[in-house]
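>>> what follows is a predicted structure for the sequence shown.
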Amino acid sequence: MRAFKWSSDLTRHVNLSHKHYGVDPSTPPDPQPSNSPERDLFNDQQPYSPPPPPPLKERKNYHPFLHGNASHYAPKDISTEDGHPLSAGSSPPPQVESQNPWEPFSGEAQFCISNLLFEKVQMSQTNIDELFNIWNLHQQELMKTDSPFENHKDMYNVIDSIVNGGAAWNCFQTVVNEHLSPDAPEWQRTSYQVWYRNPATLIANILANPEFRHDFDLAPYVHINSNGQQCWADFMSGNWAWRHVTQIYENDTTDCVDGAMLVPIILGADKTTVSVATGYVEYHPLYLSIGNISNAARQAHWNAVIPIGFLAIPKSDHKYDNNSNLCIFKKRLYHSSISAILQSLKPGMTIPVIWKCPDGHFRHVLYELAAFIADYPEQVYLSGIVSGWCGRCQGIFSDLDGPSSSDRRSRKIDQILREEYGGEGRTLWDNFGIDEHVIPFTEDFPRADIHEMLAPDLLHQVIKGSFKDSLVEWCLDYLITTHSEARANEILDDIDRQLAAVPAFPSLRRFPHGRRFKQWTGDDSKALMKVFLPAVAEYLLEEMMRCLSSFLDFCYLIRRSDIDEQCLDAIKSSLEAFHHYRDIFKTLGVRNHFSLPRMHLMLHYPFTIMDFASSNGLCSSVMESRHFTAVKKPWQRSNRYKALSQMLLTNQRLDKLAALELNLVDHPFDAENKDVGPTDSGRSLVDVKLAKTRETSYPRYLSKLGTHSNQPNFELLTRRFLHKQLDQSDSSSLTSSSDTNIDSLPEITSKVDVFHSVVAVFFAPIDPSGIRGMRHERIRSTPSWYGQDAACVLLFFSFQHRQTKYPCALVHWYNIYGERKDVKTGLWINPRFAVVHLDALVRGVHLIPVYGSEPIPLGLDFQQSLDVFDLFYVNKYADHHANEILF
């Protein structure tokens, strides 16, 4: 038996002597040979990207075999419910119409009251009974029929009888070893319950959801944009999908996969605490989604990410906290539970099954375990590695970013290591970072590799782990070690006041007391990222500021919804710049090493983007938002005693109501009611509309309105604006409005309507958005983005001229300071009056004051910041849509 001291030596041996154990190469069209998929991440030659010829227009090249689309290829993949193939272009099977579409409800009123009380209002059982008693009493007084339901039990029974959308919860229980000694610890003598739903049924519900019909990919594809560059957006555009479909087709022995549709299964797990005050109640939900759904739909639609199980959480006394046997027990219980939950999918990984799809057709479907979303501690459990090592590569724990980081881990290499070093004490643990007592659940399923499945986790790895817990703390440590304690406290107080003085902006969390609060959430960390640079710009060295700005650029680039080769190069450049400038912390003694697992995982993002496409579709923030609807709110509705069974029933009823509502009820979103948020409207670049109701306290004519608004030139500016609008249709008559004689300007005699706000709707699938990736934002009399300038909107108004309505804005331009970004922060530093058309406005922009070297005054309110300061940064980190515009 040969022994190898380091993993790199073993890799070279495997490549030479065990070629059949090597990692399968990628096989998109015309693949390029590569010894290691993740070797040399920063090489311009991308390992899985087919070199397409220069295209004439944007196109998608679909996989030629497992395509799932008869209009492109063979018709056998589109079938009837009984499995008989249909001809290409056939319409979906007709829907069976029911005499009562509201069944099992007696009618629309009964459904609406159930949906209102159970889903929207979430009324308690006692209050429901009281409501129906009052209703019955009122109906009796009027000599009419009874209320829709007798009581809450009657209503719940009808909800439970809904056929669509349901998936029953089941439970399996672990078996206690009969040979345990009487003094065995309690955690060994306990039988644990694991609640789960059939994942095949849940996948069928997702596939049959017609809301996904416009946000659904039938086959893997290579997306080439108009510049001839490969793009990675939704999951099926990634190299993983193409590679695995090719492997399935080439290794098929059943002769039944040609023309089938691949359904990549995306899993996620994350512990969540629902109550600390009442006994530290925590749950460990397991979620499921599929890769065919677009990233925007997965982020916006709560039925695209579904809880399929609640894993057991063994409890023990404090004396067992560091007990190795307990740790092994927990990991084995974890993997055996997930394996048991997913067993119903195993047959469909080799033999296609038939399911209805969002377009109404029935297709042959093949399952494949694709990705697992988890934070770093969960990745340690999943991949069977030692904490401090990387689950994706063989980097040494003391030098994670070293040469071994280009050698990836794989299921087959793990098998070789266990065969050669298993049972030899700590060899696997110390030299390879492998816990030999843990066998990942993926080894129970064909083609699944947990090391390949680990998805990038922007929230925990980058935002919380690297930024808030590392970079921010390093900056504060630098201030404390560089200055005296008294001076450092003064600086930190001034930084807190600057954070508190940041002007308000839609969806931007404020810090009224700076950083001083005990429990940080993911939203807090994301909000701090957006406003941190200007607050510390005067107190940190230029190298530190460049380190922070390159890090933030990396964070925002990897969250873009469409990433092409140029953007991928920018991601690599920002990562290289971050690695270069962070050395200042080591030079000054703030850090003695950077071998941090969460920060190291940033190194793998270029590769995971090529494999899984845009990171925003696999971020753990999707699960965090699902915690609220699937765990925390159902727990709040329970009576707290054996709450899990009540929570499961609540989730099941919500799913049933949502499924029925989807088929019967139209629910358009009214963007007028909220300042910012998702919008389920059709996709468009940008649409800006005036508020629905005009303000009645303003004069109705231009001259009087100008006097009222303290703008003496208001009428002149508006007439110049109209002159320019009228001349746009005739280029030969275009003249400068400012040079035109006032008497020759068109008269405006109509009444003027004044509005306090407009609503901008734009495509921003990276930020919280609707199922089509649309997001709305209210623009008030606050700074607004226009072209390449920033302006303060003073007034929204409209008037008519020759039967044409002109929606306008009176703006006060900010002067641009310099022609380039600020060197330290990477932000643009930013008056004159004008009237512009509403179409010229795109969205609001966030301004942060340039605070300067002097401490800001005590008691300065954030509402005064835009008036007190003269110089501002245009904040490109306010949200991801703003970052794409300003980057």
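The structure has been received and is ready for your questions.
>>> scan the protein for its longest helix.
helix 643-664 (DSSP state H).
>>> which strands and helices sit next to it?
With contacts taken as 3 or more CB pairs under 8 Å, 6 or more residues apart in numbering; DSSP states H and E, helix 643-664 sits against helix 108-114, helix 152-160, strand 169-173, strand 306-310, helix 633-637. Just so you know, the C-beta spots here come from the backbone N, C-alpha and C atoms, and that holds for glycine as well.
>>> pick the most buried one from those.
Burial among the helices and strands packed on helix 643-664, expressed as mean neighbours by mean count of other CB atoms under 10 Å, is greatest for strand 306-310, which shows a mean of 23.
>>> that one pairs with which strands?
Sheet pairing for strand 306-310, assigned by DSSP bridges, gives strand 193-197 (antiparallel), strand 285-290 (antiparallel).
>>> so for residue 314, which of those sits nearest?
Distances from residue 314 to each of these were compared by CB to CB, and the smallest falls on strand 193-197, at 11.6 Å.
>>> same question for the helix or strand just after the closest one: list its buried residues.
Once strand 193-197 ends, the next helix or strand along the chain (criterion: DSSP states H and E) is helix 199-207. Of the residues in helix 199-207, 199, 200, 202, 203, 204, 205, 206, 207 count as buried by neighbour count, 16 or more other CB atoms under 10 Å.
>>> number of residues surrounding residue 803?
Burial of residue 803, expressed as a neighbour count using other CB atoms under 10 Å, amounts to 6.
>>> just say helix, strand or coil for residue 354.
Residue 354 carries the three-state label strand when classified by DSSP: H, G, I helix; E, B strand; the rest coil.
>>> tell me if I'm right that it and residue 361 touch.
No. At 10.4 Å, residue 354 does not count as touching residue 361 under the criterion of CB atoms under 8 Å.
>>> out of those two, which sits in the busier spot?
Set side by side, residue 354 and residue 361 give different neighbour counts by other CB under 10 Å, the larger being at residue 361 (22 against 15).
>>> can you give me the helices in the stretch 451-600 of the chain?
472-482, 485-500, 522-536, 542-558, 565-581, 583-587, 597-600 (DSSP state H, counting those that start in this stretch).
>>> tabulate these (CSV), appending distance to residue 882, mean neighbour count and mean pLDDT.
Rendered in CSV, the data for these read as follows (distance: least, CB to CB, whole Å; neighbours: other CB atoms under 10 Å; pLDDT from 0 to 100):
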stretch, distance to residue 882, mean neighbour count, mean pLDDT
helix 472-482, 22, 17, 92
helix 485-500, 19, 17, 89
helix 522-536, 10, 21, 86
helix 542-558, 9, 22, 94
helix 565-581, 17, 18, 95
helix 583-587, 28, 15, 95
helix 597-600, 26, 22, 94
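>>> so which of these gets nearest residue 814?
With CB to CB as the measure, helix 522-536 is the member of the helices of the stretch 451-600 of the chain nearest residue 814 (15.9 Å).
>>> who are the packing partners of that closest one?
With contacts taken as 3+ CB pairs under 8 Å, 6+ apart, helix 522-536 sits against helix 472-482, helix 485-500, helix 542-558, strand 847-849.
>>> redo these as CSV? Include distance to residue 166.
CSV is the format used below for those (distance: least, CB to CB, whole Å):
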stretch, distance to residue 166
helix 472-482, 46
helix 485-500, 47
helix 542-558, 37
strand 847-849, 49
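>>> check the secondary structure at residue 808 for me.
Applying three-state DSSP: residue 808 is strand.
>>> skip the chain neighbours and tell me the closest residue to it.
residue 835 (5.3 Å; CB to CB, 6 or more residues apart in numbering).
>>> wait, what's in contact with that neighbour?
Contacts here follow CB atoms under 8 Å, 6 or more residues apart in numbering; on that basis residue 835 touches 717, 718, 720, 721, 808, 809, 810, 811.
>>> repeat that for residue 599.
By CB under 8 Å, 6+ apart, the residues touching residue 599 are 461, 465, 466, 470.
>>> was I right to think the second one contacts residue 598?
Yes. A contact is recorded between residue 465 and residue 598 when judged using CB under 8 Å, the distance being 3.2 Å.
>>> neighbours of the closest residue to residue 556 other than its chain neighbours, how many?
If the residues on either side of it in the chain are set aside, residue 556 comes closest to residue 883, at 4.3 Å by CB to CB, 6+ apart. Neighbours of residue 883 under the rule other CB under 10 Å: 22.
>>> any idea of the pLDDT on residue 638?
Each residue has a pLDDT score; the one for residue 638 is 88.
>>> contacting residues for the closest residue to it other than its chain neighbours?
Nearest in space to residue 638, with sequence neighbours left out and distances taken as CB to CB, 6+ apart, is residue 646 at 4.0 Å. Counting by CB under 8 Å, 6+ apart, residue 646 touches 634, 637, 638, 639.
>>> ok, the first one to residue 873 distance?
The reference is to residue 634. The gap separating residue 634 from residue 873 is 43 Å, by CB to CB, to the nearest Å.
>>> same question for the last one.
Here residue 639 is placed at a distance of 51 Å from residue 873 (CB to CB).
>>> give me the residue at the spatial middle of the chain.
Relative to the mean C-alpha position of the chain, the nearest C-alpha, by CA atoms, centre = their mean, is the one of residue 616, at 4.3 Å.
>>> is that one in contact with residue 562, as I believe?
No. Because the distance of 10.3 Å does not satisfy CB under 8 Å, residue 616 is recorded as not touching residue 562.
>>> so which helix or strand takes in residue 254?
Secondary structure here is read from DSSP H and E; on that basis residue 254 sits in neither a helix nor a strand.
>>> related to what we said a few turns ago, mind giving me a markdown table with the helices and strands packed on helix 643-664 and columns for distance to residue 878?
Output for the helices and strands packed on helix 643-664, formatted as a markdown table (distance: least, CB to CB, whole Å):
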| stretch | distance to residue 878 |
| --- | --- |
| helix 108-114 | 39 |
| helix 152-160 | 42 |
| strand 169-173 | 42 |
| strand 306-310 | 32 |
| helix 633-637 | 29 |
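>>> looking at these, which is nearest to residue 704?
Put simply, out of the helices and strands packed on helix 643-664 the one that sits nearest residue 704 is helix 108-114, at 48.1 Å, with distance taken as CB to CB.
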